[in-house]
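J.: Quick one: sequence and predicted model below, then my questions.
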Protein chains: 4
Amino acid sequence: MSDLFPSNLIAGYGRYLQKGFVRFKETHERLAIYGQKPEVMVISCCDSRVTPEGIFHAGPGELFVLRNVANLVPPCEDDASLHGTSAAIEYAVRALQVKHIVVMGHAKCGGVQAFRENANVPTLKGDFIGRWIKLLEPAAISMACMPVDKLDDPQLAMEYAGVRQSLKNLMTFSFVREPVEKGGVTLHGAWFDIGSGELRVMDPHTEQFKTAADGKVAAVSTAD
Amino acid sequence: MSDLFPSNLIAGYGRYLQKGFVRFKETHERLAIYGQKPEVMVISCCDSRVTPEGIFHAGPGELFVLRNVANLVPPCEDDASLHGTSAAIEYAVRALQVKHIVVMGHAKCGGVQAFRENANVPTLKGDFIGRWIKLLEPAAISMACMPVDKLDDPQLAMEYAGVRQSLKNLMTFSFVREPVEKGGVTLHGAWFDIGSGELRVMDPHTEQFKTAADGKVAAVSTAD
Amino acid sequence: MSDLFPSNLIAGYGRYLQKGFVRFKETHERLAIYGQKPEVMVISCCDSRVTPEGIFHAGPGELFVLRNVANLVPPCEDDASLHGTSAAIEYAVRALQVKHIVVMGHAKCGGVQAFRENANVPTLKGDFIGRWIKLLEPAAISMACMPVDKLDDPQLAMEYAGVRQSLKNLMTFSFVREPVEKGGVTLHGAWFDIGSGELRVMDPHTEQFKTAADGKVAAVSTAD
Amino acid sequence: MSDLFPSNLIAGYGRYLQKGFVRFKETHERLAIYGQKPEVMVISCCDSRVTPEGIFHAGPGELFVLRNVANLVPPCEDDASLHGTSAAIEYAVRALQVKHIVVMGHAKCGGVQAFRENANVPTLKGDFIGRWIKLLEPAAISMACMPVDKLDDPQLAMEYAGVRQSLKNLMTFSFVREPVEKGGVTLHGAWFDIGSGELRVMDPHTEQFKTAADGKVAAVSTAD
């Protein structure tokens, strides 16, 4: 058995030092001294094909990024258990005072697919992933009861529904709901297509997803 | 209150479409069709100054990235609660069969700092972040009782200790321990310095962190 | 306050004695002496517009009829709670040895509608109906994840999905599953349209509902 | 094994379409459009020999009918379990605003008989019917300690006692007790003799059952 740190990571880090880090050297020094003050939190998937900083071409200090399986936000559960996702959201809103929270789903999401293939299969003891993705159950129920989209693709429909549900769940945390209601924090839904690079942004009023092609998102009403 | 999707994100996405996406267009198309098959999982912090794909200069499909506050891995708790971090690790090892898991800490970690400032303060109801970072308690106890480093910087020492503890906790999951013991999966510790861009890698035997400067990590023994 | 037994019921009973009872007088006497031996159990809704004995023109002794809100069968839960529906199914199969169990949904089902309108609304203490109709959650999840029908009418789709789920749940009781597997008991789905009187029967293979108009149900394969 | 829908049901349905449905065609169309508004809820047994709509000669839309084993109403138990019977009662009173609730027992009740034969036998795991009919235990205790009737027939006495107990249990639900106390809802006991077709109605004051032969129930006081 080899304990060697993966050589491709070391090689990649070498290139980073020469390129990426050099480009943002002053930013890094400033951020180390004054701390981070990102305006945006992105909640996205662990998927290796979906990198928020890449997709939004964001430099150091811009995005506070939570990544878990299927970009899920659980509803507020105020018990004694550990809630890593809730903790990150609390930290973003309370400590960092981000102004935007973007929940970004994506195509071909393995977590969503696993949920669909195992719908209504009881989870076994020790099945962490099975329990986690059951967070999609309310999304499925909403989809079935009050469909927003007319989509023939149940995988896509569930990916959208998952983003909508996470946005709803965000509002169950008082530390999110209160600044949202006061206008200090805004919630956003987005969806990324791995194959085409297309980004879709959710219209907060119709809850429908529209392409943000060429960097020009369909005009979204500012009412409310 | 404006519901507009943040314009800097849209602008950044426009640049991504012209640069980042174009560079990896074929990779994206291939990944959409054949699925992801990353060899490395990185567990790092949500911090806006620490982007694994940036630091390792990794393209789409290379890194499965879990990000939570203070890059913490809880010990295996086989109860009915939600365990988002455990779920992501299970998915990485069982479904994606990654070969490496890298736990990457970083300088100026706000989660570690909050833990240090509130050590022995009981957590209140609704204090998600407080409960989450209490995962560092065993790290603090180890640090106090069996110090690995002689460091004058308690923040840095705790950041290191947190990485070590997460590596220990990873071994409490049978689906990690078994492939680690058989050699199919290797665990790694790392630490990133925001201000200087320095990456340090943990020697698995001495558990000490050494610079991987200029892409040349100090030779790490392959014994075991 | 009047304690009088409703006079219309008394009047209706008078007509029953002269008509309905007289027609089946001997049957009643025989049934009182030798007991009931129905071959069919019908599980239908409490709805005042859906009377199984009427719809199937059945006389005394023919149908063992369980009626609850939304014709729901819970999954087998072997705890110490009361399970009235499970008890009735157990009695039908074990004590009466019925040969068929028909789960019959219907149009305009208030229970289904209440579920759809309150999807993902947490139930309050004392909200019996809210908790009961949450039995439809797995039906909604199946509908969203693995849609059988392409229906633009989410109410109808949920009514169908509820029948399918109840049939699935029936199979979670060993005292149902075992005789079903041996061929002694057969399960059926049906749906009644209040306005038109149309009865639809579920094809057990495709799980789709087809009209049984004029008493001639679409030929259903006998394979299996 | 045949999956065919029972042919006698299909044949019966054909007769229903030609007779029963035709007779109430306009009523059905109206009920489909305007919804149900029954004034009476009947709680009766699943027994195939006891059809409330038949006994009360009731047409579509008249009776909201709950049927379970032995026409039992559990006491209000405000826990997280499923309570199908309580749910149906809640729906009848709160959503449909019925004015009368009739608990109708009957002769030769298999559930009552099973209870009597297994009195004091502990219920086994998985014995749904055994647990369900233990709802009759308080009825048995009342019967033994404070007998209302002087009857030589313990089966009949228990059938009566079961109806009385269910009426008492109805009053443990605040959504029943309150409108009963205000006069908006009235509770009634009844008992049907399978062999003779005789209907008996419970006097709410003496709690005794008297024949309602020929449609003429013994005068019941309106005092209270």
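T.: It's in. Numbers count the residues shown, from 1 in each chain, chains lettered A, B, ... in the order given.

J.: Can you give me the domain assignment for chain A?
T.: Following automatic domain parsing, chain A resolves into domains at A:1-35, A:36-215.

J.: helix/strand/coil for residue A:135?
T.: Three-state assignment for residue A:135 (DSSP: H, G, I helix; E, B strand; the rest coil): helix.

J.: How about it: what's its closest non-neighbour residue?
T.: residue A:72 (4.6 Å; Cβ to Cβ, 6 or more residues apart in numbering or on different chains). Using the backbone N, CA and C atoms, a C-beta is placed for each residue, glycine as well.

J.: So in chain A, which helix runs the longest?
T.: In chain A, with assignment by DSSP state H, the single longest helix is helix A:154-170.

J.: check contacts around the closest residue to residue A:35 other than its chain neighbours.
T.: Using Cβ to Cβ, 6+ apart and skipping the chain neighbours, the partner closest in space to residue A:35 is residue B:108 (6.8 Å). When contacts are counted by Cβ atoms under 8 Å, 6 or more residues apart in numbering or on different chains, residue B:108 is found next to A:32, A:35, B:49, B:155, B:194.

J.: Over to residue B:108: give its phi and psi.
T.: Main-chain dihedrals, residue B:108, degrees, to the nearest 10: phi 60, psi 30.

J.: Report the separation between it and residue C:176.
T.: Here the criterion is Cβ to Cβ, to the nearest Å. By it, residue B:108 lies 62 Å from residue C:176.

J.: Run through chain A and note the low-pLDDT ranges.
T.: Residue ranges of chain A with pLDDT under 70: A:1-3, A:125, A:213-224.

J.: Please enumerate the helices of it.
T.: So, for chain A - with DSSP H - the helices run A:7-18, A:20-23, A:25-34, A:52-55, A:84-90, A:110-117, A:128-133, A:137-145, A:154-170, A:174-182.

J.: a markdown table please, covering those helices and showing distance to residue D:91 and mean neighbour count.
T.: Formatted as a markdown table, the helices of chain A follow (distance: least, Cβ to Cβ, whole Å; neighbours: other Cβ atoms under 10 Å in any protein chain shown):
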| stretch | distance to residue D:91 | mean neighbour count |
| --- | --- | --- |
| helix A:7-18 | 61 | 19 |
| helix A:20-23 | 63 | 16 |
| helix A:25-34 | 59 | 15 |
| helix A:52-55 | 47 | 24 |
| helix A:84-90 | 36 | 27 |
| helix A:110-117 | 32 | 22 |
| helix A:128-133 | 32 | 24 |
| helix A:137-145 | 18 | 25 |
| helix A:154-170 | 27 | 23 |
| helix A:174-182 | 32 | 15 |
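
J.: Using a markdown table, please lay out the ones you listed together with distance to residue B:205.
T.: What follows is the helices of chain A, written out as a markdown table (distance: least, Cβ to Cβ, whole Å):
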| stretch | distance to residue B:205 |
| --- | --- |
| helix A:7-18 | 18 |
| helix A:20-23 | 29 |
| helix A:25-34 | 30 |
| helix A:52-55 | 33 |
| helix A:84-90 | 30 |
| helix A:110-117 | 35 |
| helix A:128-133 | 30 |
| helix A:137-145 | 45 |
| helix A:154-170 | 42 |
| helix A:174-182 | 43 |
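
J.: Out of the ones you listed, the one nearest residue D:62 is which?
T.: The stretch from the helices of chain A with the least distance to residue D:62 (Cβ to Cβ) is helix A:137-145; that distance is 30.2 Å.

J.: Render the CA-only coordinates of the closest one in CSV, please.
T.: The C-alpha coordinates for helix A:137-145 follow below in CSV (Å, rounded to 0.1, in the frame of the first residue of the first chain):
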residue,chain,number,x,y,z
GLU,A,137,-39.3,12.9,-0.6
PRO,A,138,-41.1,16.2,0.0
ALA,A,139,-39.9,17.3,-3.4
ALA,A,140,-41.3,14.2,-5.0
ILE,A,141,-44.6,14.7,-3.2
SER,A,142,-44.8,18.4,-4.3
MET,A,143,-44.0,17.3,-7.8
ALA,A,144,-46.8,14.7,-7.8
CYS,A,145,-49.4,16.9,-6.1
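
J.: and that helix with helix C:137-145, angle?
T.: Angle, helix A:137-145 to helix C:137-145, by axes from the mean of the first three to the mean of the last three Cα atoms, to 10 degrees: 70 degrees.

J.: what's helix A:137-145 packed up against?
T.: helix A:154-170, helix C:110-117, helix C:137-145, helix C:154-170 (3 or more Cβ pairs under 8 Å, 6 or more residues apart in numbering or on different chains; DSSP states H and E).

J.: any idea how far residue A:33 is from chain D?
T.: The gap separating residue A:33 from chain D is 53 Å, by Cβ to the nearest Cβ, to the nearest Å.

J.: The residue nearest to that residue when sequence neighbours are not counted - how many residues pack around it?
T.: In this structure, residue A:33 finds its nearest non-sequential neighbour in residue B:195, 7.1 Å apart by Cβ to Cβ, 6+ apart. Neighbour count for residue B:195, taken as other Cβ atoms under 10 Å in any protein chain shown: 15.

J.: check contacts around residue B:195.
T.: Residue B:195 touches A:28-29, A:31-33, B:107, counting by Cβ under 8 Å, 6+ apart.
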